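Enquirer: coords please:
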Amino acid sequence: MMSTANIIRFGLVGIVWLALCYLFLSRMQRVTLVGLFPIIASGIIIFVPMYKKYIKKDP
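Expert: Residues are numbered from 1 along each chain as shown. Model (predicted):
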């Protein structure tokens, strides 16, 4: 079970990441795969280690 602090941390990181993605997409003239790749890569870099550390606890 995740503690309240970890839930708040996930929420804040998610909100900041979504805001930055929105800013990035709003500045693009056309949405292309080359433009979407940094968003997808940053999501993987940010959220996969957090998931492994706080949610998926190996025995």
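
Enquirer: just after the longest helix anywhere in the chain, pick out the following helix or strand.
Expert: Ranked by number of residues, the top helix in the chain under DSSP state H is helix 4-27. Tracing the chain past helix 4-27, the next element assigned as helix or strand by DSSP states H and E is helix 33-50.

Enquirer: how far off helix 4-27 does that next one point, in degrees?
Expert: Interaxial angle, helix 33-50 versus helix 4-27 (axes from the mean of the first three to the mean of the last three CA atoms, to 10 degrees): 170 degrees.

Enquirer: picking up where we left off before, who's in contact with the longest helix of the chain?
Expert: The contact list for helix 4-27, computed with CB atoms under 8 Å, 6 or more residues apart in numbering, reads 2, 31, 35, 38-39, 42-43, 46-47, 50, 54. C-beta coordinates here come from the backbone N, C-alpha and C atoms, glycine included.
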